[in-house]
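Q: starting from these lines, generate the structure:
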Amino acid sequence: MLGMTTHVQVSGTELKVRIEKALTEKSLKKLITNLEKELNGEHSFLPHDVEAQIRREITSAGVAVSHHGGWYRCIAAYLLLPRIEGLLAIKSTSEEKNIAPIVQKLRNEALRESLSTFGIEAPARYARTSSSTGRSHVRIPREQKQQLVENFLDALPTFEGLQEVLDTLPKNTNLMVKQIRTLVKRYLTIADRLQAKVAQE
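A: Modelled structure (predicted):
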């Protein structure tokens, strides 16, 4: 991988340069904006004490926070630093849609590494990413999966009853009925798949 010096190993001027470079790179704008939204939301994955510590490091480095879009934007850039060179290199390629899984993988690695330096684990959504699809896979215990399926299928009689009522109504009904019809259809389709899967197991 390209120059993977992390922010754990840098401070002061070098940290300032690296953060500001990340913040001014157009190719990273969307990535940083998405992470900024997560950090600035009610359900931020960053504990308050860790956020305070990162703010202190950014302040000590001399980053002009207000000039670069505020605290959460700067914290987002800070958290991506362990893989920033790799992200910049891959973002400079022309095939944007083909690089999405690689960008996601590098982002997840950066977040895991950054958070581990503060002794915290990255949320499940930043679990190791499949290189083929770019999707994160989180294992659910078998018992929980079975309970989920059972609870979902418990509603089957209700939806079958709704379908019977819907079958008696004309097709050109109002929007609310159309939405209910769509919902019932989706539920019954998923229920069929789940029952088939349960039968196979």
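
Q: every contact and neighbour count from this point should use C-alpha atoms.
A: Noted.

Q: for this protein, just list every one of the helices.
A: Secondary structure of the chain, counting by DSSP state H: helices at 12-24, 29-39, 48-61, 71-80, 84-91, 96-116, 142-154, 156-167, 175-200.

Q: now those helices in a markdown table, with distance to residue 124, mean neighbour count and mean pLDDT?
A: A markdown table is the format used below for these (distance: least, C-alpha to C-alpha, whole Å; neighbours: other C-alpha atoms under 10 Å; pLDDT from 0 to 100):
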| stretch | distance to residue 124 | mean neighbour count | mean pLDDT |
| --- | --- | --- | --- |
| helix 12-24 | 25 | 18 | 88 |
| helix 29-39 | 14 | 17 | 91 |
| helix 48-61 | 18 | 15 | 92 |
| helix 71-80 | 17 | 23 | 94 |
| helix 84-91 | 21 | 19 | 85 |
| helix 96-116 | 10 | 18 | 84 |
| helix 142-154 | 16 | 12 | 84 |
| helix 156-167 | 30 | 13 | 91 |
| helix 175-200 | 24 | 13 | 85 |
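
Q: and of those, who's closest to residue 126?
A: Among the helices of the chain, helix 96-116 comes nearest to residue 126, with 5.1 Å by C-alpha to C-alpha.

Q: so the closest one versus helix 48-61, what angle?
A: 100 degrees (axes from the mean of the first three to the mean of the last three C-alpha atoms, to 10 degrees).

Q: what's the spacing between the residue nearest the centre of the chain and residue 112?
A: With distances taken as C-alpha atoms, centre = their mean, the chain has residue 125 as the residue nearest its mean C-alpha position (5.3 Å). When C-alpha to C-alpha, to the nearest Å is the yardstick, residue 125 and residue 112 sit 11 Å from each other.

Q: and what of residue 72?
A: When distances are taken as C-alpha to C-alpha, residue 72 and residue 112 turn out to be 18 Å apart.

Q: ditto for residue 40
A: 19 Å.
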